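Trainee: dropping the sequence and predicted coords here.
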Amino acid sequence: MCAFAVPLNVDRQTAEVANHSVKAAIMKHWRTEIDLSASCALEPSDQLQPLPKNFTMVIKVFLASSSGSTAIKKKQQDVLGFLEALKIEYAQLDIASNEENRMWMRENVPGEKKPSGGIPLPPQIFNEDNYCGDYETFFDAKEDNSVYEFLGLNPPPGFKKMPYAEEEEQEGEVEEEYEQGEEDLMSEEEEELRQLEEEEEAQLSEEGEEAED
């Protein structure tokens with residue numbers, strides 16, 4: 001504790017009173033600083049908390065609810081059904097009734113994944129904002145038993161890939177069925193793409209006419 005100087009002509013009692021007052025003022029100042037520091041400290045609830053262990057990213061599946069293409073409907077159902085079977089949480093984003101969903105999907109599908117017409121067909125799959133792939137890449141991942149890697153998710157505890165020989169046998173059977181069905185559905189996809197392009201052109205034409213008026 002530091003000493004406090006007092007005038008020589010002040011008696012001892014007065015000096016002690018003065019020193020006591022100064023000490024009290026200093027202690028009050030210290031207590032005020034401590035209170036302010038405590039009030040500025042973050043409460044536990046305000047601090048950044050680590051993500052829970054069971055936290056998973058949201059898988060987004062962009063689809064067309066009112067698509068007239070049997071091929072697209074079948075592929076959409078295949079993706080959703082497989083995700084449900086694995087109990088993977090996902091969100092369906094309709095591009096047929098929501099313009100924002102349609103534009104976001106088109107802007108975020110990488111250029112090399114878009115068809116020659118420039119309009120990617122549903123289903124398109126994302127992990128949050130990260131592009132995973134279209135139906136073909138999803139199908140390949142499913143056949144390779146690597147869907148979790150495809151989706152950017154950690155596989156659940158105890159998950160094991162099937163033995164290579166069994167995997168090869170199943171791949172051959174499913175691939176044959178897939179190729180046969182793909183030939184039948186290719187023309188439907190082309191028709192769907194043509195319709196989407198016509199709708200896009202019609203919308204641009206209407207916007208141009210409104211701008212001229």
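Mentor: Yep, that arrived. As the structure is a computational prediction, the values presented were derived from the model and not from experiment.
Trainee: number of nearby residues for Asn108?
Mentor: 15 (other Cβ atoms under 10 Å). In short, each C-beta sits where N, CA and C put it, glycine included.
Trainee: just give the nearest non-adjacent residue to it, would you?
Mentor: Here the nearest residue to Asn108 in space, its sequence neighbours aside, is Tyr131; by Cβ to Cβ, 6 or more residues apart in numbering that works out to 6.2 Å.
Trainee: then the strand or helix carrying the one you found to PDB, C-alphas only?
Mentor: Here Tyr131 sits within strand 130-134, counting by DSSP states H and E. Output in PDB follows, covering the C-alpha atoms of strand 130-134 (Å, rounded to 0.1, in the frame of the first residue of the first chain):
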ATOM      1  CA  ASN A 130     -21.800 -27.300 -52.500                       C
ATOM      2  CA  TYR A 131     -22.700 -29.100 -55.700                       C
ATOM      3  CA  CYS A 132     -22.800 -32.900 -55.400                       C
ATOM      4  CA  GLY A 133     -24.000 -33.900 -58.900                       C
ATOM      5  CA  ASP A 134     -26.900 -34.900 -61.100                       C
END
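Trainee: which residues are contacting that strand?
Mentor: For strand 130-134, the external contacting residues (Cβ atoms under 8 Å, 6 or more residues apart in numbering) are 59, 108-110, 113, 120-121, 123-126, 138, 141, 150-152.
Trainee: any idea which of the residues you listed is closest to Thr70?
Mentor: Set against Thr70, the nearest of the contacts of strand 130-134 by Cβ to Cβ is Leu121 (13.1 Å).
Trainee: tell me the SS of that closest one?
Mentor: Three-state call for Leu121 (DSSP: H, G, I helix; E, B strand; the rest coil): coil.
Trainee: what about it, how many residues nearby?
Mentor: Neighbourhood size, Leu121 [other Cβ under 10 Å]: 24.
Trainee: that one touches Ile72, doesn't it?
Mentor: Yes - with contact defined as Cβ atoms under 8 Å, Leu121 counts as touching Ile72 (6.3 Å).
Trainee: next SSE after the lowest-mean-pLDDT helix or strand in the chain?
Mentor: Within the chain, no helix or strand scores below helix 12-40, which has a mean of 53 by mean pLDDT, DSSP states H and E. Counting by DSSP H and E, the element after helix 12-40 in chain order, helix or strand, is strand 59-63.
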